[in-house]
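model this:
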Amino acid sequence: MKNIALVVGSTGITGSNLADELIAQNWITYGLARNHPASVAGLQPVKADLLDPESLSEALKDIAPTHVFFTTWMRKDTEEENIRTNRAMVRNLLHALSPKKSVRHVALVTGLKHYLGPFEAYVKAGILPETPVREEHPRLEYPNFYYAQEDEVYAAADRDGFSWSIHRPHTVIGYAIGNLMNMGITLAVYASICKETGAKFTWPGSEAQWNGLSDVTDAKILARQLIWASSTDEAKNQAFNVTNGDVFRWKWLWQRIAGYFGIEADGYNGSARPLEKEMENKQEIWTVISQKYNLKEENLNRLSSAWHTDLDLGRPLEVMTDMSKSRMYGFTAFESTENSFISLFEKLKAEKIIP
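Take a look at the predicted model:
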């Protein structure tokens with residue numbers, strides 16, 4: 001039987017890289033999003049609103065996917081709203097597909113918030129998980145929309161008889177424009193501004209993150225794990241962490257990134273210096289840079305997600321991920337984290353996103 005993939009959130013950092021990999025592996029690939037670029041080679045676009053059941057049913061009426069990859073979420077003001085909205089998105093999609101009886105596997109991408117909980121869980125309550133985080137860790141007592149998404153997948157799997165997999169990346173590094181959580185492009189834009197203005201490349205986060213061990217997830221590694229789990233019997237009905245497979249300290253990587261851009265790094269100095277505040281009034285500078293170097297995107301907000309970078313780098317603990325379970329089941333893909341960043345920066349230059 002042919003593999004027919006439906007990538008939900010196909011314009012995002014995870015979904016777009018996954019779609020590229022599926023197409024490269026000769027899958028028939030549909031990409032569902034509210035808006036799509038004019039053309040993506042090999043991708044069959046599906047325009048629909050996950051919160052509108054009628055829109056979904058109409059958009060999917062002639063599509064019968066064998067594999068569903070759910071890679072998107074919607075940010076709201078409170079975790080209760082996050083739960084209500086993101087649960088509905090998963091439920092609506094799987095309900096729309098249910099009558100087709102075509103789905104054999106559903107893969108859901110969540111993240112390390114599964115272990116860390118909402119920001120207030122460790123900032124206000126002082127609840128810190130044991131690291132490296134492992135899939136066996138129980139759910140936290142705090143409300144968490146990841147749990148709600150998982151429960152919708154489990155319920156639909158019981159109803160419709162498909163297998164499932166849950167994927168928990170750390171910070172995802174990869175190419176995508178207009179993404180809500182894109183540390184790689186955010187740092188590239190910030191470094192480009194520093195180079196143009198002669199400013200120092202200032203560390204925005206905590207002492208624990210600066211000195212502690214960390215890891216990240218290349219979007220291409222995540223894509224490969226998603227496809228592997230969906231087509232490997234032993235990996236089905238399992239949750240997996242996924243990272244590049246190496247660890248690093250930010251005080252080392254920060255210097256390497258600064259060196260790539262030819263700028264001076266300024267490390268932790270005793271307090272956090274949030275990037276969101278640093279980038280507050282940089283639109284005018286970015287407009288000048290964009291016009292000077294004939295760049296494609298002048299809107300800084302479509303490139304920089306400083307708030308998310310601050311949340312990641314401001315954590316009051318080191319965060320790293322155990323990959324033993326994935327390795328034992330046969331997933332061996334690896335990427336150097338430095339290479340993840342440098343490869344992204346090279347692509348951003350080639351695509352005229354940064355100078």
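
I'd assumed residue 183 was in contact with residue 308.
Yes - between residue 308 and residue 183 a contact is recorded at 6.8 Å, counting by C-beta atoms under 8 Å. The C-beta positions use only the backbone N, C-alpha and C, and glycine is treated the same way.

Pull out the buried positions in stretch 339-355.
Within stretch 339-355, the residues scored as buried using 16 or more other C-beta atoms under 10 Å are 340, 341, 343, 344, 345, 347, 348, 353, 354.

no, scratch that, I was asking about stretch 154-162
For stretch 154-162, a neighbour-count test (16+ other C-beta under 10 Å) marks 156, 157, 160, 162 as buried.

Send me that stretch as CSV with only the CA atoms.
Extracted C-alpha coordinates of stretch 154-162, given in CSV (Å, rounded to 0.1, in the frame of the first residue of the first chain):
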residue,chain,number,x,y,z
TYR,A,154,-5.3,8.0,22.5
ALA,A,155,-9.1,8.2,22.4
ALA,A,156,-9.2,8.3,18.6
ALA,A,157,-6.7,5.4,18.4
ASP,A,158,-9.0,3.3,20.6
ARG,A,159,-12.0,4.3,18.4
ASP,A,160,-10.4,3.9,15.0
GLY,A,161,-7.7,1.3,15.6
PHE,A,162,-4.6,3.1,14.4
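
what comes into contact with it?
Stretch 154-162 is contacted from outside by 91, 94, 95, 98, 101, 103, 104, 105, 106, 163, 164, 237, using C-beta atoms under 8 Å, 6 or more residues apart in numbering.

Which two among the residues you listed are spaced furthest apart?
95 and 237 (20.6 Å; C-beta to C-beta).

re earlier: just the closest of the buried residues of stretch 339-355 to residue 221, please.
Nearest member of these to residue 221, counting by C-beta to C-beta, is residue 340, at 8.3 Å.

Pretty sure the closest one sits in a helix.
Yes - counting by DSSP: H, G, I helix; E, B strand; the rest coil, residue 340 is part of a helix.

pretty sure it contacts residue 173?
Yes - using C-beta under 8 Å, residue 340 is in contact with residue 173, at 4.6 Å.

what sits in contact with each of those two?
What both residue 340 and residue 173 touch, as defined by C-beta under 8 Å, 6+ apart, is the set 184, 216, 218.

What is the subsequent helix or strand relative to the helix or strand of the chain with the lowest mean pLDDT?
Least confident helix or strand, the chain: helix 119-123 with a mean of 63, by mean pLDDT, DSSP states H and E. Sequence order places helix 145-160 as the next helix or strand after helix 119-123, per DSSP states H and E.

quick one: that next one to chain centroid distance?
How far helix 145-160 lies from its chain's middle: 20 Å, per C-alpha atoms, centre = their mean, to the nearest Å.

Check which helices and strands the helix ranked longest in the chain sits against.
Assignment by DSSP state H gives helix 79-97 as the longest helix of the chain. The contact analysis (3 or more C-beta pairs under 8 Å, 6 or more residues apart in numbering; DSSP states H and E) places helix 79-97 against helix 53-59, strand 67-70, helix 145-160.

Show me what that helix is in contact with.
By C-beta under 8 Å, 6+ apart, helix 79-97 touches 6, 8, 32, 50-53, 56-57, 60, 65, 68, 70, 72-76, 103, 106, 108, 118, 142-145, 148-149, 151-153, 156, 160.

And the strand or helix carrying residue 287, what does it pack against?
Per DSSP H and E: residue 287 is located in helix 283-292. When contacts are defined as 3+ C-beta pairs under 8 Å, 6+ apart, helix 283-292 sits against helix 183-197.

Okay, now the unreliable bits of the stretch 151-300 of the chain?
For the stretch 151-300 of the chain, no stretch is flagged by pLDDT under 70.

how much space is there between the spatially most central residue of the chain and residue 88?
Residue closest to the average C-alpha location in the chain (C-alpha atoms, centre = their mean): residue 172, at 4.4 Å. Here residue 172 is placed at a distance of 24 Å from residue 88 (C-beta to C-beta, to the nearest Å).

cool, and residue 301?
Residue 301 is 26 Å from residue 88, by C-beta to C-beta.

Among these two, which residue is more densely surrounded?
residue 88 (16 against 12; other C-beta atoms under 10 Å).

pLDDT score assigned to that one?
At residue 88, the model reports a pLDDT of 98.

Could you do residue 79 as well?
Residue 79 is given a pLDDT of 91.

Next, count neighbours for it.
19.

By neighbours, which of the contacts of stretch 154-162 wins?
residue 106 leads those on contacts (other C-beta under 10 Å) with 28 neighbours.
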